[in-house]
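1. the amino acid sequence is not available; the structure is as follows:
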């Protein structure tokens, strides 16, 4: 199975590029989350997310990662799935970023999401469930993940990438602004 050679970064109109909600002032972040149309504005998300990211960082470091950020920037390996988790429906904008700009020690991966598992109930309906300890993968493990879970054979599956350094994005961001 061929691994997609790009990551997709989704963002909303007016949002600063490559910024984590966890880096914002807590009052501002909670205000943003309270206006979220989906499931994040439940009042527990931000506290849980910060604890969760500490777990992700610790686990990634134990696997040899070299995170430079306290809170990662989230992207999807390849494009968004279609169906109920189509990120094109949730976000105004997206950009595709070549995976080649990222040193492997700056990117961790989770399947399908770092914060949520996507189980199927007894009626074959997909739903979200918080996952307190997701498995972290490195790039060389992704072909096995794709094969084992048939990731790109199902419309509601994706692999999330956590970017742990802004350094590779600086030059990309300059190039992106010049092309717009």
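-> Structure received. Since the model is a prediction, treat every value here as computed from it, not as a measurement. Residues are numbered from 1 along each chain as shown.

2. lowest-confidence helix or strand of this structure?
-> When each helix and strand of the chain is scored by mean pLDDT, DSSP states H and E, strand 129-130 comes last, with a mean of 65.

3. and the next element down the chain from that one?
-> Following strand 129-130 in sequence order, the next helix or strand is helix 142-149 (DSSP states H and E).

4. any regions of this protein where pLDDT drops low?
-> For the chain, applying pLDDT under 70 flags the ranges 1, 36-43, 84, 116-131, 154-156, 174-180.

5. try it again at 80.
-> 1-2, 14, 30-45, 82-85, 112-113, 115-133, 149-150, 152-157, 171-180 (pLDDT under 80).

6. for it, which segments count as strands?
-> For the chain, the strands defined by DSSP state E occupy 6-11, 73-77, 93-98, 107-110, 116-117, 129-130, 160-163.

7. what is the orientation angle of the third one with strand 73-77?
-> So the one you mean is strand 93-98. 70 degrees (axes from the mean of the first three to the mean of the last three CA atoms, to 10 degrees).

8. and for the first one?
-> Angle between the axes of strand 6-11 and strand 73-77 is 130 degrees (criterion: the same axes, to 10 degrees).

9. list the neighbouring strands of strand 6-11 plus their orientation.
-> Strand pairing for strand 6-11, using DSSP bridges, gives strand 73-77 (antiparallel), strand 93-98 (antiparallel).

10. what residues sit buried inside the longest one?
-> The neighbour-count criterion (16 or more other CB atoms under 10 Å) identifies 95, 97 as the buried residues of strand 93-98. (Glycine included, C-beta is placed from N, CA and C.)

11. and it, how far from the chain's centre?
-> 13 Å (CA atoms, centre = their mean, to the nearest Å).

12. give me the contacts around that strand.
-> With CB atoms under 8 Å, 6 or more residues apart in numbering as the test, strand 93-98 has contacts from 5-13, 75, 79-80, 87-88, 169, 172, 176.

13. please check the residues you listed and keep the buried ones.
-> The neighbour-count criterion (16+ other CB under 10 Å) marks 6, 7, 8, 9, 10, 75, 79, 80, 169, 172 among these as buried.

14. which residues touch the fourth one?
-> If you count contacts by CB under 8 Å, 6+ apart, residue 9 has them with 17, 18, 73, 75, 94, 95, 96, 97.

15. any idea what it is bridged to?
-> residue 95.

16. where's it relative to residue 15, distance?
-> Separation of residue 9 from residue 15 (CB to CB, to the nearest Å): 11 Å.

17. now swap in the first one and tell me
-> Applying CB to CB, the value for residue 6 to residue 15 is 20 Å.

18. which residues does the spatially most central residue of the chain contact?
-> With distances taken as CA atoms, centre = their mean, residue 74 lies nearest the centre of the chain, 3.2 Å away. Contact analysis of residue 74 by CB under 8 Å, 6+ apart lists 114, 160, 161, 162, 163.
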